[in-house]
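1. Turn this into a model:
(2 chains)
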Amino acid sequence: MVPLWMYLLVAAGLFSIGMYGVLARRNAIAILMSIELMLNAANINLVAFWRYNQPAQVGGQVFAAFVFVVAAAEVAVGLALIINIYRQRRSVVADDVDLLKW
Amino acid sequence: MFEVPSLSDLNVGATLPVTLLALGACVLLVVDLFIPRERKSITAWLTAIGIGVSLVFSLLSLSGAVEFGSGELAFSDMYRADRLTDTINVAALITALLGVMVAYDYLERTRLQRGEYYILLMFSAAGAMLMGAANDLVIVFIALELLSIPLYILSGFRRPQEASEESAMKYFLLGAFASGFLIYGIALIYGATGTTNLPEVWDAVAGVVAEDSAAKFLVMIGAGLVLAGLGFKVAAVPFHMWTPDVYQGAPTPVVAYMSVAAKIGGFAALVRVFGMGLSTFVLESGAPAAWQDTIWLVAVLTMLLGNVVAIVQSDLKRLLAYSTIAHAGYILIAVAAAGTAGLEDTAAQAVVIYLIAYAFTNAGAFAVITAMEKDDASNTSLDALRGLASRCPWLAAAMAVFMLSLTGIPLTAGFVGKWFVFKVALQADLVAAAVVGVLTSAVSAYYYLRVVWMMYFEEGEGDAATPPALAWAIGVAAVGTLVLGALPYLLSDMAREITLAFGG
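-> Numbers count the residues shown, from 1 in each chain, chains lettered A, B, ... in the order given. You can find the predicted model right below:
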């Protein structure tokens, strides 16, 4: 069987890519996608830990399902906010959104 | 394999305040559709009644007059209805009520009167209450999102005004980023301990540390990531960058509500996770919990940055935004003190006392700015304060009370909060943090008292409008600030019996 640490490594890599994306990308949609990567990295962790440590319980799996739901709600709100900005300024690049001092 | 719990096992009664509020918000969501646009005051009233009913139940539960449900735990150990839950409920509901009162006339005059505002506010209040009641890391996460997502929308409520939209987008992107940290941290703690239930985590962490296993590092990283996620919510340095922008751009009544509600929720969760779940994370026997040093360092940085940068601000909303950062630092000292064995309960009490004092004061201060603000969101600079006292003496007096309370002058609620925080810091041997706290409080007097000075002793065109609901909100907040300050035992009696539960 694939050992646990491999899953954790993939998750950590995904999380780091997501974090890099949030910090380096300037497009709001790309930032949103990077955040999704981070959430899914956590999901991999949850499910892997559940499968290897606690297969008799459902805790980790249920938690992962909750994360999906919350992520979906977050994206729904986030895209609405980004579309709002786009209608006003014809741009979703974070650097152009600079009315307030950053 | 898995049993379906019966309704009586769920102990719904114990969760009555928050379930009532959440159900009320759901019902109102439908009812609001049938209320015509020009009569949205009905929605506002219904919201206020819903919050009021929930507040009455919380107070009854707090006073011990009525025993709701059987026992502390509800919903299969997910929800804990103890003294901390009750006090956090009261704080969150008072804030929500003030939030509705502050918002009503503002929404009317800026043509934003839509029912969603009140409903979103109810949902986020329910999120703050759930964070105080969390007995499981799952609830911490879901409650955090229930608190945050409505706040993202509320910050952008004044569309198509650009500043409001921009603040909403910044708040959303950084907030979602922070929840990524939180959930990853929770996943690591789950991996190390095999459970998400906080009392079980408490048990398991003690074992993990004793065995000296690699899982120790998982808990360490996990705790750090959770601290980052929650630190973002309460605007602790270095996760504070969003605060000034969001508070400046968002509609002022929203800021009056969210600057307090997000802190109540965030600190309640910090106390639950660190004070209750991870307090056994002690690397050397006899030493305080391993996270204590980190938290008090964050607290010191937060106090320094918040207070120093606030000095140079020229916009009142921005100034108060930095002031909220500074106050997060003071409360964090108390959270850090929870790391010393035996002080968890006292620290939790100090946090609650500070939060309630802060709720009245800060919501009141932003309510005054709401009164000053013109319909086009201008007139919130410091200069707009000049001569306010001669034109609106009562408003200026209330603002002076709030500023004195934020400084921490005796006989105001802010002093009581700081007193308990610094006391527990000294008990926990965090002398450096307490000293920085006192010194930065002295620094903060400069910019708070400058506000008072400008209102009373400088000539200008300062003007404000206080319609009835707003005037009531400011009045209630000012009276609350003074009463809690003059009679400090009200707060300390309320908080005295707060204990954090340990062990499975």
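
2. which sections of chain A are below the confidence cut-off?
-> A:96-102 (pLDDT under 70).

3. at 50 what do you get?
-> A:102 (pLDDT under 50).

4. Which stretches in it count as helices?
-> A:4-24, A:28-53, A:59-89 (DSSP state H).

5. Show me what the first one is packed up against.
-> By that I understand helix A:4-24. Packing partners of helix A:4-24 (3 or more Cβ pairs under 8 Å, 6 or more residues apart in numbering or on different chains; DSSP states H and E): helix A:28-53, helix B:162-193. Heads up, the C-betas are built off the backbone N, CA and C, glycines and all.

6. what's the closest of these to residue B:483?
-> Distances from residue B:483 to each of these were compared by Cβ to Cβ, and the smallest falls on helix B:162-193, at 33.3 Å.

7. C-terminal to the closest one, what's the next element?
-> Sequence-wise, the next helix or strand downstream of helix B:162-193 (DSSP states H and E) is helix B:198-211.

8. hang on, the earlier thing: adding mean neighbour count and distance to residue B:43, write the helices of chain A out as TSV.
-> Formatted as TSV, the helices of chain A follow (neighbours: other Cβ atoms under 10 Å in any protein chain shown; distance: least, Cβ to Cβ, whole Å):
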stretch	mean neighbour count	distance to residue B:43
helix A:4-24	16	37
helix A:28-53	22	31
helix A:59-89	17	21
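
9. if we compare these, which one ends up closest to residue B:258?
-> The stretch from those with the least distance to residue B:258 (Cβ to Cβ) is helix A:59-89; that distance is 14.9 Å.

10. got the angle between the closest one and helix A:28-53?
-> Here helix A:59-89 runs at 180 degrees with respect to helix A:28-53, directions being taken by axes from the mean of the first three to the mean of the last three Cα atoms, to 10 degrees.

11. do helix A:59-89 and chain B meet at all?
-> Yes. Among the residues of helix A:59-89, A:59-60, A:62-63, A:66-67, A:70, A:73-74, A:77-78, A:81-82, A:84-85, A:87-89 lie within reach of chain B under Cβ under 8 Å from any Cβ of the partner chain.

12. Next, the buried residues of the helix or strand encompassing residue B:323.
-> With secondary structure defined by DSSP H and E, residue B:323 is part of helix B:316-337. Under the neighbour-count criterion of 16 or more other Cβ atoms under 10 Å in any protein chain shown, helix B:316-337 has B:316-337 buried.

13. So residue B:145 versus residue B:460, what's the distance?
-> 44 Å (Cβ to Cβ, to the nearest Å).

14. Comparing those two, which residue is more hemmed in?
-> Higher neighbour count among residue B:145 and residue B:460: residue B:145, with 23 against 15, using other Cβ atoms under 10 Å in any protein chain shown.

15. show me what contacts that one?
-> Contacts here follow Cβ atoms under 8 Å, 6 or more residues apart in numbering or on different chains; on that basis residue B:145 touches A:70, A:73-74, B:127, B:179.

16. nearest residue to the residue of chain B found nearest chain A other than its sequence neighbours?
-> When scored by Cβ to the nearest Cβ, chain B has residue B:180 as its residue closest to chain A, at 3.4 Å. Taking Cβ to Cβ, 6 or more residues apart in numbering or on different chains as the measure, residue B:180 lies nearest to residue A:38, with 3.4 Å between them; neighbours along the chain are not counted.

17. In this structure that neighbour contacts residue A:13, no?
-> No. The pair residue A:38 / residue A:13 is not scored as a contact, 11.5 Å apart, by Cβ atoms under 8 Å.

18. and the helix or strand containing residue B:47, average pLDDT?
-> For residue B:47, the element it lies in under DSSP H and E is helix B:41-63. Taken as a whole, helix B:41-63 carries a mean pLDDT of 94.

19. What of stretch B:115-133?
-> With pLDDT averaged residue by residue, stretch B:115-133 scores 95.

20. before we move on, back to that, any idea of the angle whatever helix or strand comes next after the helix holding residue B:323 forms with helix B:316-337?
-> Following the chain from helix B:316-337 toward its C-terminal end, the next helix or strand by DSSP H and E is helix B:344-372. Our comparison of helix B:344-372 with helix B:316-337, counting by the same axes, to 10 degrees, yields an angle of 180 degrees.

21. I'd like the next helix or strand past helix B:344-372.
-> Taking DSSP H and E, what comes next after helix B:344-372 is helix B:388-391.

22. What's the mean pLDDT across the helix or strand harbouring residue B:21?
-> Under the assignment given by DSSP H and E, the secondary-structure element containing residue B:21 is helix B:16-31. The predicted model gives helix B:16-31 an average pLDDT of 95.

23. For that helix, name the packing helices and strands.
-> The criterion is 3+ Cβ pairs under 8 Å, 6+ apart, and the helices and strands that helix B:16-31 contacts are helix B:41-63, helix B:83-109, helix B:115-133.

24. Mind listing what's buried along it?
-> Of all the residues in helix B:16-31, those buried under the rule 16+ other Cβ under 10 Å are B:16-22, B:24-25, B:28.

25. For that helix, give me every contacting residue.
-> For helix B:16-31, the surrounding residues in contact (Cβ under 8 Å, 6+ apart) are B:12, B:43, B:46-47, B:50-51, B:53-55, B:57-58, B:61, B:68-69, B:89, B:93, B:115, B:118-119, B:122-123, B:125-126, B:129-130, B:133.

26. distance between that helix and the chain's centre?
-> Between the centre of helix B:16-31 and the centre of its host chain there is 21 Å, according to Cα atoms, centre = their mean, to the nearest Å.

27. before we move on, what about stretch B:54-63?
-> 19 Å.

28. and what of stretch B:377-392?
-> Taking mean C-alpha positions (Cα atoms, centre = their mean), stretch B:377-392 and its chain are 27 Å apart.

29. One more: stretch B:346-354?
-> In terms of Cα atoms, centre = their mean, the gap separating the centre of stretch B:346-354 from the centre of its chain is 13 Å.

30. Also stretch B:119-132?
-> Here the centre of stretch B:119-132 is set off from its chain's centre by 11 Å, with Cα atoms, centre = their mean.

31. ok, now stretch B:276-294?
-> Between the centre of stretch B:276-294 and the centre of its host chain there is 25 Å, according to Cα atoms, centre = their mean.

32. With stretch B:266-280 instead?
-> In terms of Cα atoms, centre = their mean, the gap separating the centre of stretch B:266-280 from the centre of its chain is 15 Å.

33. Using CSV, write out every CA atom in that stretch.
-> Taking only C-alpha atoms (Å, rounded to 0.1, in the frame of the first residue of the first chain), the coordinates of stretch B:266-280 have been written out as CSV:
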residue,chain,number,x,y,z
GLY,B,266,-12.4,34.9,16.7
PHE,B,267,-11.4,35.2,20.4
ALA,B,268,-14.1,32.8,21.5
ALA,B,269,-12.6,30.2,19.1
LEU,B,270,-9.1,31.0,20.2
VAL,B,271,-10.0,30.4,23.8
ARG,B,272,-11.8,27.2,22.9
VAL,B,273,-9.0,25.8,20.6
PHE,B,274,-6.0,26.9,22.6
GLY,B,275,-7.3,27.2,26.1
MET,B,276,-9.5,24.0,26.0
GLY,B,277,-8.0,21.8,23.2
LEU,B,278,-4.3,22.4,23.2
SER,B,279,-3.6,23.5,26.7
THR,B,280,-1.8,20.2,27.3
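
34. Whether that stretch contacts chain A - can you check?
-> No. Using Cβ under 8 Å from any Cβ as the criterion, no contacts between stretch B:266-280 and chain A are found, and the smallest distance is 14.9 Å.
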